[in-house]
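Chemist: Provided below for reference: sequence and predicted model.
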Amino acid sequence: MWEKRSDMVVHEEDPYNAEPPPAALAGHPLTTADTFYSRNHGGVPHVSASAWRLRVDGLVATPLELTLEDLRRRFPEQHVTATLQCAGARRAAMDAVRPIPGEALWGPTATSTAAWTGVRLADVLAAAGVADSAAHVAFWAPDVALEARPPQEFGGSIPLAKAEASEVLLAWAMNGEPLPAVHGGPVRVVVPGYIGARSVKWVDRVTVQSEPSASWFQAVVYRLLPADVDPATAPPGTGFSLGPVALNSDVLSPADGAQVPAGPTTLQGYAFAGGDRSVARVDVSVDGGTTWVQADLEPPAGPWTWALWSTTTVLQPGQAEVVVRAWDDTAACQPESAASLWNPKGYVNNAWGRIRLHVGGLA
């Protein structure tokens with residue numbers, strides 16, 4: 001479905017929600033469209049490039065209505081390589097601490113990286129003329145989510161300062177090809193460093209406003225709730241809204257639970273700092289965190305991307321608990337335990353990544 005690889009881990013068919021097997025990301029700086037994770041709250045709309053229109057309104061001097069050809073003709077083309085990560089990435093490990101009912105149990109690969117082509121949102125906003133009273137930029141799309149109360153189109157917002165940053169795009173291409181419908185074609189927002197929900201797909205309206213979006217997905221869904229709050233009864237505005245991605249990392253190869261021979265074994269994975277931070281170091285342990293070695297980091301494809309890491313270690317017969325932790329350029333490190341992070345919607349599990357390997361005799 002959706003021209004995806006056959007071994008995608010599908011959490012839901014309709015709306016389509018799926019992530020690739022971990023090994024599919026290992027060692028690949030860019031993620032192909034057939035492997036890139038897909039998070040949707042409603043059915044995938046089919047909007048032709050010729051019929052697509054973008055409305056820019058709100059606190060602007062000159063409201064705009066733009067076609068795709070207008071974007072291409074009026075504004076300089078830009079290219080940004082960026083990693084997107086779902087706010088619920090690695091929720092399955094948090095669910096193992098305490099159940100999180102009603103949420104997709106995403107694994108470690110609701111994270112992918114692509115080269116995006118489009119125009120700066122900042123250039124479009126400048127053409128519209130942003131009012132002095134503006135503080136946020138909201139996005140709307142035509143996909144209707146039946147889970148919302150009441151059912152409504154997907155939406156969200158980012159602070160004006162981020163919207164006017166040079167890395168934020170209205171993108172029409174992914175890895176040099178037109179955006180597939182399942183990834184937001186013909187045009188989507190790409191907000192590097194922020195949770196994937198802010199990179200609104202199929203965007204058809206941009207509203208400049210003084211307050212954050214009132215969308216159900218901003219006011220209710222993508223919020224970090226206290227552990228003692230029931231999401232079903234919490235009023236809008238409970239907790240705080242998610243924005244920049246938290247520092248995170250995980251193991252991509254070998255797979256969790258894999259049988260491997262004793263002796264030299266190569267371990268691979270990713271680390272992602274989010275926000276405007278970068279990964280400074282990745283540590284790997286094969287004894288559950290008692291001893292550590294520094295992994296080798298591949299040069300990132302850009303300032304807004306993950307860092308791919310690898311290390312080769314000698315494994316002894318028996319059981320090996322592989323643990324990975326990342327440090328960013330502010331000297332922050334991932335927290336050790338998912339138990340200390342548990343929240344009723346299972347967001348922001350950025351605890352140390354862990355897998356267990358069954359190590360056999362010498363190869």
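Modeler: That came through fine.
Chemist: check what pLDDT Glu147 gets.
Modeler: Listed pLDDT for Glu147 reads 89.
Chemist: what sits against it?
Modeler: By Cβ atoms under 8 Å, 6 or more residues apart in numbering, Glu147 lies in contact with His41. No exception for glycine: its C-beta is placed from N, CA and C like everyone else's.
Chemist: any idea how far Trp216 is from it?
Modeler: Applying Cβ to Cβ, to the nearest Å, the value for Glu147 to Trp216 is 9 Å.
Chemist: give me the phi and psi angles of the residue most central in space within the chain.
Modeler: Among the residues of the chain, the one closest to the centroid is Gln85, at 1.4 Å (Cα atoms, centre = their mean). Main-chain torsions, Gln85, degrees, to the nearest 10: phi -140, psi 130.
Chemist: any idea how far it is from Val47?
Modeler: 25 Å.
Chemist: quick one: Val208 from Gly156, how far?
Modeler: Distance of Val208 to Gly156, computed by Cβ to Cβ: 14 Å.
Chemist: which of the two has more residues huddled nearby?
Modeler: Using other Cβ atoms under 10 Å as the criterion, Val208 and Gly156 rank with Gly156 on top: 29 against 24.
Chemist: surely that one meets Ala219?
Modeler: No: the criterion here is Cβ atoms under 8 Å, and Gly156 misses it with Ala219 at 9.8 Å.
Chemist: picking up where we left off before, list the contacts for the residue nearest to the residue nearest to the centre of the chain when sequence neighbours are not counted?
Modeler: Spatially, and ignoring its direct neighbours in sequence, Gln85 is nearest to Thr111 (4.4 Å; Cβ to Cβ, 6 or more residues apart in numbering). Counting by Cβ under 8 Å, 6+ apart, Thr111 touches 25, 37, 83-86, 89, 248, 270, 272, 306.
Chemist: give me the residues contacting the helix or strand of the chain with the lowest mean pLDDT.
Modeler: Least confident element among the helices and strands of the chain, by mean pLDDT, DSSP states H and E: strand 353-362 (a mean of 91). If you take Cβ under 8 Å, 6+ apart as the criterion, strand 353-362 is touched by 90, 93, 108, 249-251, 254-263, 265, 269, 315-325.
Chemist: mind giving me the PyMOL command for buried ones among those residues?
Modeler: In PyMOL, selecting the buried portion of the contacts of strand 353-362, with burial taken from 16 or more other Cβ atoms under 10 Å, looks like this:
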select buried, resi 90+93+108+249+250+251+254+260+262+265+269+315+320+322+323+324+325
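Chemist: filter the contacts of strand 353-362 down to the ones in helices?
Modeler: Among those, DSSP state H puts Ala93 in helices.
Chemist: in strands, which of the contacts of strand 353-362 fall?
Modeler: Using DSSP state E, the subset of the contacts of strand 353-362 located in strands is 249-251, 259-263, 265, 269, 315, 318-325.
Chemist: any weak-confidence spans in this protein?
Modeler: The chain contains residues with pLDDT under 70 at 362-363.
Chemist: rewinding a little: ok, of the contacts of Thr111, which one's closest to Ala126?
Modeler: Minimum distance to Ala126 across the contacts of Thr111 is 25.1 Å, recorded for Leu84 (Cβ to Cβ).
Chemist: what is the burial count for that closest one?
Modeler: The number of residues packed near Leu84 is 28, by other Cβ under 10 Å.
Chemist: for it, name its beta-bridge partners.
Modeler: For Leu84, the beta-bridge partners under DSSP bridges are Ser112.
Chemist: may I ask you to confirm that Ala122 belongs to a strand?
Modeler: No: under DSSP: H, G, I helix; E, B strand; the rest coil, Ala122 falls outside any strand and is assigned helix.
Chemist: I figured it hits Lys162, correct?
Modeler: No: using Cβ under 8 Å, Ala122 makes no contact with Lys162, being 10.0 Å away.
Chemist: how about the strands in the stretch 101-250 of the chain?
Modeler: 111-120, 136-145, 152-159, 169-174, 177-178, 188-190, 205-209, 223-224, 240-241, 248-253 (DSSP state E, counting those that start in this stretch).
Chemist: now do the last one and strand 353-362, the angle between them.
Modeler: So the one you mean is strand 248-253. With axes from the mean of the first three to the mean of the last three Cα atoms, to 10 degrees defining the directions, strand 248-253 sits at 30 degrees from strand 353-362.
Chemist: show the backbone phi and psi for the spatially closest residue to Leu224 that is not a sequence neighbour.
Modeler: Excluding its sequence neighbours, the residue lying closest to Leu224 (Cβ to Cβ, 6+ apart) is Gly239, at 5.0 Å. Reported as degrees, to the nearest 10, the phi and psi values for Gly239 are phi 70, psi -150.
Chemist: returning to that earlier point: direction included, what does the least confident helix or strand of the chain pair up with?
Modeler: In the sheet, strand 353-362 lines up with strand 259-272 (parallel), strand 318-328 (antiparallel) (DSSP bridges).
Chemist: quick revisit: would you list the strands of the stretch 101-250 of the chain in a markdown table and tack on distance to Arg53?
Modeler: Below are the strands of the stretch 101-250 of the chain laid out as a markdown table (distance: least, Cβ to Cβ, whole Å):
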| stretch | distance to Arg53 |
| --- | --- |
| strand 111-120 | 15 |
| strand 136-145 | 11 |
| strand 152-159 | 15 |
| strand 169-174 | 13 |
| strand 177-178 | 17 |
| strand 188-190 | 15 |
| strand 205-209 | 9 |
| strand 223-224 | 31 |
| strand 240-241 | 28 |
| strand 248-253 | 36 |
